[in-house]
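A.B. asks: Predicted model, plus sequence, below.
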Amino acid sequence: MYDTLIIGAGMSGLAAGIRLAYFDQRVCLLEQHYSIGGLNSFYRLRGRNYDVGLHAVTNYVPPGTRRGPLARLLKQLRFRWEDFALAPQVGSQIAFPEVRLEFNNDINLLRSEIATHFPAERDNFERFLKRLIEYDDLEHQDFGLSTRQVLAATFDDPLLAEMLLCPVMMYGSAREDDLEFGLFCILFRSIFLEGLGRPLMGIRLILKHLVRRFRELGGELRLRSGVKQICSEQGRAVGVVLDNGEEISSRQILSSAGRIETMRMCGQPSPDRLGPPGKLSLVETVSIVNELPRDFGCDRTMVFFNDSDHFSWARPQALCDQHCGVICSPNNFAYDRAVPDGEGVIRVSTLANYDHWRKLTSEQYGLEKLRWYDRVVESAVRFVPDFRGQVVDTDMFTPKTIQHFTRHENGAVFGAPDKQLDGCTHLDNLFLCGADTGLVGIVGALNSGITIANRYCLDPGKNSA
């Protein structure tokens, strides 16, 4: 009998497991795959290491900072700042046809860019920043307001509103063409008021420290242990049945599998009662180049691009979207030492249609990956120097990859559009953590696991320890 079973060894599951293990709970993490991290994972191909999911860690703060989401999770999980070894971005850009806004981890750069390109909106932007800073993400007041409506009432120039929406929605909106204002506030602060960082060794460094700490505290991690069913009696979860038929008992269960996916494990499959599943999925191309990107002009950390004055965030009719996306070079962070091997990496992500990818035969799937690698990169090089002549190796993942490693319906990257902010379910001792509680990104996911563990799974008085 375990004190807590945790379904999914992604960021939120690992954080919850560590937090509970600190208080002598017997905790077991169940992961359906042979590796940890969920979508934020890594693999090795043809002698090279690849990250999956991680472009940058949001909520970056310099060493020694004591406030903010990153500082909170380091304190709660008892890590040092040096354990994650985050290097700040060198500078990013929002690129539209007629205007480009530069930003970095100092909000004053974005302020100056808006004053230059949108001088009439300067005061409106300052008032908007004040509202974002004062938003209380624990109280969730005004969380469900339409962000598009708020922006339309705030700014006179619709182009500025579209440009501010672009990176925020790309980094966390499960809704098509809009998102909850509360989520916008959280994401905007994480990107622009705190910032972006990354470890030199990528996501594997963060995962290594999380798993090591979990095991040092006595936590049990079981890979290739997918959950087929959550069992309940008299309104309480009592355990799970694994895909192989094994039964495991527990006093309480946390699930990072997603709200709809978790309810189906409980035998409640009706989407009408659960709300619609997420429809927004991605493809990502990975290009290995024979020199560092900055040496041929690709010197931004991130470029969020859109090829019209209106930003549309919706599942495309084709296999992939060619109108908007995000270009990232993991090389373009201010590391304290040189990148190993001297090769560079450029990653391009854009929206994709899971249903279309799912219906392809194996032969068609391979061919379409080749075709759409070319098309996605061709779309990207309208906004950055053309790097195709420097490419020495490539890879690409699709919505099928995401669905395989997360089991999220439709390969939805940011979960379902209707969030369960308090993490509660119909069972008294079954709780959700992860994206469907309204916190996304690496730091958001980690804090989600911590928050749910503290709120529901620890004895009163231990939450602040």
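C.D. replies: Thanks, I have the structure now.

A.B. asks: just so I have it, where are all the helices in the stretch 251-400 of the chain?
C.D. replies: With DSSP state H, counting those that start in this stretch as the criterion, the stretch 251-400 of the chain has helices at 259-265, 271-274, 354-358, 362-380, 399-406.

A.B. asks: Between the ones you listed, which one is closest to Gly423.
C.D. replies: Proximity to Gly423, assessed across the helices of the stretch 251-400 of the chain by Cβ to Cβ, is greatest for helix 259-265 (9.4 Å). From N, CA and C alone the C-beta is placed, and that goes for glycine too.

A.B. asks: can you give me the offset of that closest one from its chain's centre?
C.D. replies: 20 Å (Cα atoms, centre = their mean, to the nearest Å).

A.B. asks: Dump the C-alpha coordinates for that helix into PDB.
C.D. replies: The C-alpha trace of helix 259-265 is given here as PDB (Å, rounded to 0.1, in the frame of the first residue of the first chain):
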ATOM      1  CA  ARG A 259      -8.300  15.800 -17.000                       C
ATOM      2  CA  ILE A 260     -10.200  14.000 -19.800                       C
ATOM      3  CA  GLU A 261      -7.600  11.200 -19.900                       C
ATOM      4  CA  THR A 262      -7.800  10.800 -16.200                       C
ATOM      5  CA  MET A 263     -11.600  10.700 -16.100                       C
ATOM      6  CA  ARG A 264     -11.500   8.000 -18.800                       C
ATOM      7  CA  MET A 265      -9.300   5.900 -16.600                       C
END
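
A.B. asks: So, low pLDDT: which residues of this protein?
C.D. replies: 269-274, 339-341, 460-465 (pLDDT under 70).

A.B. asks: Okay, domains of it per the record?
C.D. replies: Split into domains by automatic domain parsing, the chain comes to 2-54+202-276+414-457, 107-194, 277-406.

A.B. asks: JSON lines for the ones you listed, including mean neighbour count and distance to Leu73?
C.D. replies: Output for those, formatted as JSON lines (neighbours: other Cβ atoms under 10 Å; distance: least, Cβ to Cβ, whole Å):
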{"stretch": "domain 2-54+202-276+414-457", "mean neighbour count": "21", "distance to Leu73": "5"}
{"stretch": "domain 107-194", "mean neighbour count": "18", "distance to Leu73": "12"}
{"stretch": "domain 277-406", "mean neighbour count": "18", "distance to Leu73": "20"}
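
A.B. asks: Export the ones you listed as JSON lines, with columns for distance to Ala85.
C.D. replies: JSON lines is the format used below for those (distance: least, Cβ to Cβ, whole Å):
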{"stretch": "domain 2-54+202-276+414-457", "distance to Ala85": "6"}
{"stretch": "domain 107-194", "distance to Ala85": "17"}
{"stretch": "domain 277-406", "distance to Ala85": "9"}
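
A.B. asks: So what does Asn429 have for phi and psi?
C.D. replies: The phi/psi pair for Asn429 (degrees, to the nearest 10) reads phi -120, psi 20.

A.B. asks: returning to what we had before: same list (the helices of the stretch 251-400 of the chain) but as a markdown table, adding distance to Leu200.
C.D. replies: Rendered in a markdown table, the data for the helices of the stretch 251-400 of the chain read as follows (distance: least, Cβ to Cβ, whole Å):
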| stretch | distance to Leu200 |
| --- | --- |
| helix 259-265 | 34 |
| helix 271-274 | 41 |
| helix 354-358 | 33 |
| helix 362-380 | 24 |
| helix 399-406 | 24 |
